[in-house]
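Peer 1: below: sequence and its predicted model.
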Amino acid sequence: VPAAAPLIAPLLIARVLIEEFSNGQADTVLGLLLVAALYGHALGRTWWAATALALAVSLKLPVGLLWVYFALRKEWPLVWRTGICLLSINLLGAVALYPSHPLGLFQAWLDVLRSSGMERAFEIGSQSFLALLSRFLTDDGYRLNLLRLSRSTVIGLAVILQSAAVLALASRPHPTWGRRRTLLDGALVATMAAVFSPTCWLATYTLLAFPALVALSLAAHAPRAVLRDKPSLLLAIAVAALSWFLQRKAWRLIGI
């Protein structure tokens, strides 16, 4: 892998990193914890991986997709140890913060999700897969919609498509796990954890630092194989082209 790859990857998401640090977000820590979990798994250090994954899920729930992925791959030692770490971390934290009624913190968290989750997921600043579907399939006032479906219908559709993507990734047959499989699947799950989160903002895409590094490394290590992989190549070109619409000028040109 070229030494420049770790320097180029952050440059690809420079705008995202500016948003991350200027708003005091924790997605950088989240990404490091995901990498630590994958690294621990690759080395066979299950408790290490479980602790890192439990900390990540405690920080932001959508990265629990990696836990689900390991369960679908029947990595049971890692799955149940992550569960033990997750319960321990959160119960100890709740007792330390609110010793008189620790379970009240979890109830308050659920109340916040119920009261504001729906509106936050459909705000114009949201850049999740769900928000993308809502732009085209609900009448949100921005004149991009092809259909006028209800929000609940769009949520159901998003859940179905996202579940299918995770299942397709986890169900691929492979004779051995191997570090390369852990690396590639981990990068894909990290991407899913970002875009499948119902409340996904620009800073959330900090999680793409690791997938970007993996993509650069693959392109440098086996450029001919990458060029022959037509679906991946077309997706990369589409991402580069559609990224233009992250700029306000693009929307102003079409009258929005």
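Peer 2: Perfect, I can see it now. Residues are numbered from 1 along each chain as shown.

Peer 1: grab the most central residue of the chain for me.
Peer 2: Centroid-nearest residue in the chain, with C-alpha atoms, centre = their mean: Ala193, separated by 1.8 Å.

Peer 1: which secondary structure element contains it?
Peer 2: Secondary structure from DSSP states H and E places Ala193 in helix 178-195.

Peer 1: what residues are up against Gln162?
Peer 2: Contacts for Gln162 (C-beta atoms under 8 Å, 6 or more residues apart in numbering) come out as Phe129, Met192, Phe196. For the C-beta atoms, the positions are set from N, CA and C on the backbone; glycine is no exception.

Peer 1: my guess is the second one meets Val166, correct?
Peer 2: Yep, that's Met192 we're talking about. Yes - contact criterion C-beta atoms under 8 Å: Met192 and Val166 qualify, at 6.6 Å.

Peer 1: tell me how many other residues surround Leu33.
Peer 2: Leu33 has 23 neighbours, counted by other C-beta atoms under 10 Å.

Peer 1: which regions of this structure sit below the pLDDT cut-off?
Peer 2: Where the chain drops to pLDDT under 70, the residues are 1, 174-177.

Peer 1: re earlier: grab the nearest non-local neighbour of the residue nearest to the centre of the chain.
Peer 2: Val63 (4.6 Å; C-beta to C-beta, 6 or more residues apart in numbering).

Peer 1: from memory the one you found sits against Leu55, does it?
Peer 2: No - look at Val63 against Leu55 with C-beta under 8 Å: they stay out of range, at 9.8 Å.

Peer 1: could you check which helix or strand contains the residue lying closest to Thr82 once chain neighbours are set aside?
Peer 2: The shortest distance from Thr82 to any residue other than its chain neighbours is 4.3 Å, reached at Ala50 (C-beta to C-beta, 6+ apart). Assessed by DSSP H and E, Ala50 sits inside helix 46-59.

Peer 1: now the helices for the stretch 101-250 of the chain?
Peer 2: In the stretch 101-250 of the chain, the helices defined using DSSP state H, counting those that start in this stretch lie at 103-121, 129-137, 151-170, 178-195, 209-221, 223-228, 230-242, 248-253.

Peer 1: thanks a lot, see you next time.
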